[in-house]
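**Student:** build me a model from this:
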Amino acid sequence: MGKRKSQLPFYLLFSLVLLAAMLGCSMLGAVRFDWHEMWQSPIFLNLRLPRIVLSVLVGAALSVCGAAYQSIFRNPLTDPYVLGISSGASLGAAIAILLGLEAYLLGIGACALLAGLLTIVVVYRIASIGNRMHTTTLLLTGVCLTFLFSALISFLMVLHHDKMDNIIFWTMGSFASATWPDVAIVAPVVVVGICVVLFYCRDLNLLLAGSETAKSLGVEVERVKKVLLLVTTLMVAFCVATCGVIGFVGLVVPHCIRLVCGPDNRRIVPYAIIFGGLFLLLCDTLSRTVLAPAELPVGSLTALVGAPLFIHLLYRNKKSY
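**Tutor:** Just a heads-up that it's a prediction; the model follows:
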């Protein structure tokens, strides 16, 4: 308990760093503001500020989901993108766009959620052998589903040229269209989801020791897994519904935190909230400033960081497969 309390000053310190970064990044972009004028600018209040808040929320959500998946599946290489959940949710969002459901409240979010849940069920069923999760099968299933969903999305774009621009948005990831209604929809889901994951941090630690060990220590393994998979998939689906597919955040951030803080999820998850938000905030700021006034897809920047790390982890852990 003492160790957990000793982390509180660090949580507060890094939270202040995140807030300072949000303020600093809010002044950067194609249109630059100084401290005094930005609070009266409609561009800042209605365009840039919701974008910054949404990028932090999504970064925190994806990082926490990645940490949860890595404990549930007992594999440091898993995250929503690698498992195909983000791509599945993106396919659901694309189908919703083609059906004209974006005009309805949560229309895209509901389709993205359903597709994300179906994806995690398929991955779980294929990779499970009895009560054990086969690592190689898990990763290969996720990669294959990602390619399959990408192919289906490309096929839909060819058939529906008029919707191509909207669908491309989901496949590349962007906060360019972020609004306060988007924040209002995503924020409650992310906050509640993160609270649920924090509540189950002890169980996540025990799951790392294996299902049988966790059961012997009083964990209702199947119920915990179902609750966490539902909650995390819900977070991923709503993130995808608002900003598209942004990969590798859930892989990079928890892994780097684990290298510094160890395997205790009671430390990893709180730090993932802070550094996940900070990481995606900085990536989004780069995406809109490097080639300003043009923008880079934020998903391409996260992939430039995440893909090499993923290859490194695969190489380092290949003997365990």
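**Student:** assign a three-state SS to residue 295, would you?
**Tutor:** What DSSP: H, G, I helix; E, B strand; the rest coil gives for residue 295 is coil.
**Student:** meant to ask about residue 246
**Tutor:** At residue 246, secondary structure determined by three-state DSSP is coil.
**Student:** can you count the residues close to the nearest residue to it once chain neighbours are set aside?
**Tutor:** Nearest-residue entry for residue 246: residue 173, 4.0 Å, with adjacent residues in sequence omitted and distances by C-beta to C-beta, 6 or more residues apart in numbering. Any C-beta I mention is one placed from the backbone N, CA and C, and that applies to glycine too. Residue 173 has 28 neighbours, counted by other C-beta atoms under 10 Å.
**Student:** ok, now residue 193?
**Tutor:** Residues near residue 193, counting by other C-beta under 10 Å: 24.
**Student:** so how far is residue 230 from the residue nearest to residue 246?
**Tutor:** Distance from residue 173 to residue 230, counting by C-beta to C-beta, to the nearest Å: 23 Å.
**Student:** returning to what we had before: what are the phi and psi angles of the residue nearest to residue 246?
**Tutor:** Per-residue torsions, residue 173: phi 80, psi 130 (degrees, to the nearest 10).
**Student:** for it, give me its contacts.
**Tutor:** Residues in contact with residue 173, defined by C-beta atoms under 8 Å, 6 or more residues apart in numbering, are 243-247, 297-300, 302.
**Student:** filter the residues you listed to the buried ones?
**Tutor:** 243-247, 297-299, 302 (16 or more other C-beta atoms under 10 Å).
**Student:** nearest to residue 24 among those?
**Tutor:** Using C-beta to C-beta, the shortest approach to residue 24 within the buried ones among the contacts of residue 173 belongs to residue 298, at 17.6 Å.
**Student:** per-residue confidence at the closest one?
**Tutor:** On pLDDT, residue 298 comes in at 89.
**Student:** in the protein, which helix or strand is least confident?
**Tutor:** Lowest on mean pLDDT, DSSP states H and E among the helices and strands of the chain sits helix 2-6, with a mean of 53.
**Student:** now do the SS call for the residue lying farthest from the centre of the chain.
**Tutor:** Distance to the chain centre peaks in the chain at residue 36, reaching 33.8 Å (criterion: C-alpha atoms, centre = their mean). The local conformation at residue 36, judged by three-state DSSP, is coil.
**Student:** again with residue 80
**Tutor:** Following three-state DSSP, we place residue 80 in the coil state.
**Student:** now swap in residue 29 and tell me
**Tutor:** Under three-state DSSP, residue 29 falls in the coil class.
**Student:** pretty sure it sits against residue 48.
**Tutor:** Yes: using C-beta atoms under 8 Å, residue 29 makes contact with residue 48 at a distance of 6.4 Å.
**Student:** of the two, who's got more company?
**Tutor:** residue 48 (22 against 19).
**Student:** which residues touch the more buried one?
**Tutor:** Residue 48 sits next to 26, 29 when contact means C-beta under 8 Å, 6+ apart.
**Student:** what does the pLDDT read for it?
**Tutor:** pLDDT, read off for residue 48, is 88.
**Student:** try residue 106
**Tutor:** pLDDT, read off for residue 106, is 66.
**Student:** the protein: strands as residue ranges?
**Tutor:** Assigned by DSSP state E, the strands in the chain fall at 128-129, 132-133.
**Student:** which one of the ones you listed has the lowest average pLDDT?
**Tutor:** Lowest mean pLDDT of the strands of the chain: strand 132-133, a mean of 64.
**Student:** with adjacent residues omitted, what lies nearest to residue 168?
**Tutor:** Of all residues not flanking residue 168 in the chain, residue 157 sits nearest, at 7.1 Å (C-beta to C-beta, 6+ apart).
**Student:** show the contacting residues for the one you found.
**Tutor:** Applying C-beta under 8 Å, 6+ apart, the residues contacting residue 157 are 163-164, 167-168.
**Student:** I'd like the residues you listed as a markdown table, with neighbour count appended.
**Tutor:** Shown next, in a markdown table, are the contacts of residue 157 (neighbours: other C-beta atoms under 10 Å):
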| residue | neighbour count |
| --- | --- |
| 163 | 15 |
| 164 | 14 |
| 167 | 21 |
| 168 | 16 |
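**Student:** of these, closest to residue 153?
**Tutor:** Residue 153 lies nearest to residue 167 out of the contacts of residue 157, by C-beta to C-beta, at 6.3 Å.
**Student:** against residue 13, how distant is that closest one?
**Tutor:** 42 Å.
**Student:** also residue 210?
**Tutor:** Distance, residue 210 to residue 13, by C-beta to C-beta: 35 Å.
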